[in-house]
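Peer 1: below: sequence and its predicted model.
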Amino acid sequence: MELVGRRWSGAIVLALSFGASRFGEILALVDGLSDRLLSQRLKELEAEGIVVRTVVPSTPVQILYGLTDRGQDLMTVLQPLIDWGLESRTD
């Protein structure tokens, strides 16, 4: 719970669930997130088994991120909160 409650962690997991897989794509989807903090959170999420990091041996090397099965399970649990947040937004 502490990991998910950390600033930006939920937004990063949500961006990954929307299909973002590259560092720049995640950064573009999460408004206000810095490069340094994204890097730090991705390492934490990877260490907890929420995110998987894949190195594609190409030129240049590509780093892809995705949700693990555990990360997908987390999104299933968080979805009602996301829905509630979207429904209660006041524009």
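Peer 2: Thanks, I have the structure now. Numbers count the residues shown, from 1 in each chain.
Peer 1: and residue 75, what helix or strand is that in?
Peer 2: With elements delineated by DSSP states H and E, residue 75 resides in helix 69-87, which encompasses its position.
Peer 1: hmm, who's touching that helix?
Peer 2: In this structure, residues lying in contact with helix 69-87 by Cβ atoms under 8 Å, 6 or more residues apart in numbering are 4, 10, 13-14, 16-17, 45, 48-52, 67. C-beta coordinates here come from the backbone N, C-alpha and C atoms, glycine included.
Peer 1: which one in the residues you listed is the model shakiest on?
Peer 2: pLDDT across the contacts of helix 69-87 is lowest for residue 4, at 69.
Peer 1: can you list the buried residues in stretch 30-37?
Peer 2: Taking 16 or more other Cβ atoms under 10 Å as the neighbour-count basis, stretch 30-37 is seen to contain the buried residues 30, 33, 37.
Peer 1: run a quick neighbour tally on the nearest residue to the first one once chain neighbours are set aside.
Peer 2: What sits nearest to residue 30 in space, not counting adjacent residues and going by Cβ to Cβ, 6 or more residues apart in numbering, is residue 11, at 4.6 Å. Look at residue 11: counted by other Cβ atoms under 10 Å, it has 17 neighbours.
Peer 1: coming back round to it: what about the helix holding residue 75, distance to the chain center?
Peer 2: Its chain's C-alpha centre and that of helix 69-87 lie 12 Å apart, by Cα atoms, centre = their mean, to the nearest Å.
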